[in-house]
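Colleague: Here you go, sequence then predicted model.
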Amino acid sequence: MKASSNRQKSPIPPKTVSEKADIAKAVSRVIASKISAVASGGQGQILLEKNLPAVARLLSQAMQSDQKQILQLGRWQRDLGHSPLPYVHLRIPAYRLQEDADSHAPILARRLLRDHAQEKERTAAALRQLAATVQSEESKLLFEALATENEEQVAFLQAMDQRLTYS
């Protein structure tokens, strides 16, 4: 008898490298969800915890949009011969909403979302008023585009707020 015949063949065929990587990712997701379930005290807050990174990403995107709008408005003023907006250094904070046992992070997330949505609504209204008073068609289009962008972000912020509230 050959030495190799003593070994039993595995009933499971060997996986390809990509299949192994997919399995490893799935296992790490399961482990991460179990860790978050333990950290939240098993109170069914896993869905809420999964939403918090999305909230942080949405707030960071909104801050980046604000910075781009300030630059666009400054260029518009400069092109019209006015002094551009004063130099504003916006440091985009990396929102890190840490889940804790007291569930303060979801409360903080909802407060940040609501405050930012209200600010965006006020900005959109002010931009619409500017668009109504400006003579140049290009300026009207710029203000309308910025107002529309702010209104779309308000809708996203409010949708995320509802998602957090009902999860």
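Modeller: Here it is on my side, so go on. Computed from a predicted structure; not experimentally measured.

Colleague: Let me see the ranges of the helices in this protein.
Modeller: Listed in chain order, the helices of the chain (DSSP state H) span 17-39, 46-79, 104-133, 137-166.

Colleague: With mean neighbour count and mean pLDDT added, can I get these in CSV?
Modeller: Where C-beta positions appear, they are placed from N, C-alpha and C, glycine not excepted. Below are those laid out as CSV (neighbours: other Cβ atoms under 10 Å; pLDDT from 0 to 100):
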stretch, mean neighbour count, mean pLDDT
helix 17-39, 11, 49
helix 46-79, 16, 71
helix 104-133, 16, 81
helix 137-166, 16, 86
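
Colleague: The nearest residue to Leu113 once chain neighbours are set aside: what's it in contact with?
Modeller: Closest residue to Leu113 apart from its sequence neighbours, by Cβ to Cβ, 6 or more residues apart in numbering: Asp161 at 4.4 Å. Listed by Cβ atoms under 8 Å, 6 or more residues apart in numbering, the contact set of Asp161 reads Arg110, Leu113, Arg114, Ala117.

Colleague: switch to 7 Å and redo it
Modeller: Going by Cβ atoms under 7 Å, 6 or more residues apart in numbering, Asp161 touches Arg110, Leu113, Arg114.

Colleague: Not counting sequence-adjacent ones, nearest residue to Glu144?
Modeller: Glu144's closest residue in space is Ala131 (Cβ to Cβ, 6+ apart), at 5.1 Å.

Colleague: before we move on, the earlier item: can I get the contacts of Asp161 in a markdown table with distance to Gly74?
Modeller: Listed next are the contacts of Asp161 as a markdown table, based on distance: Cβ to Cβ, whole Å:
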| residue | distance to Gly74 |
| --- | --- |
| Arg110 | 32 |
| Leu113 | 27 |
| Arg114 | 28 |
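
Colleague: Out of the residues you listed, which comes closest to Lys68?
Modeller: For these, the residue nearest Lys68 by Cβ to Cβ is Leu113; the value is 20.3 Å.
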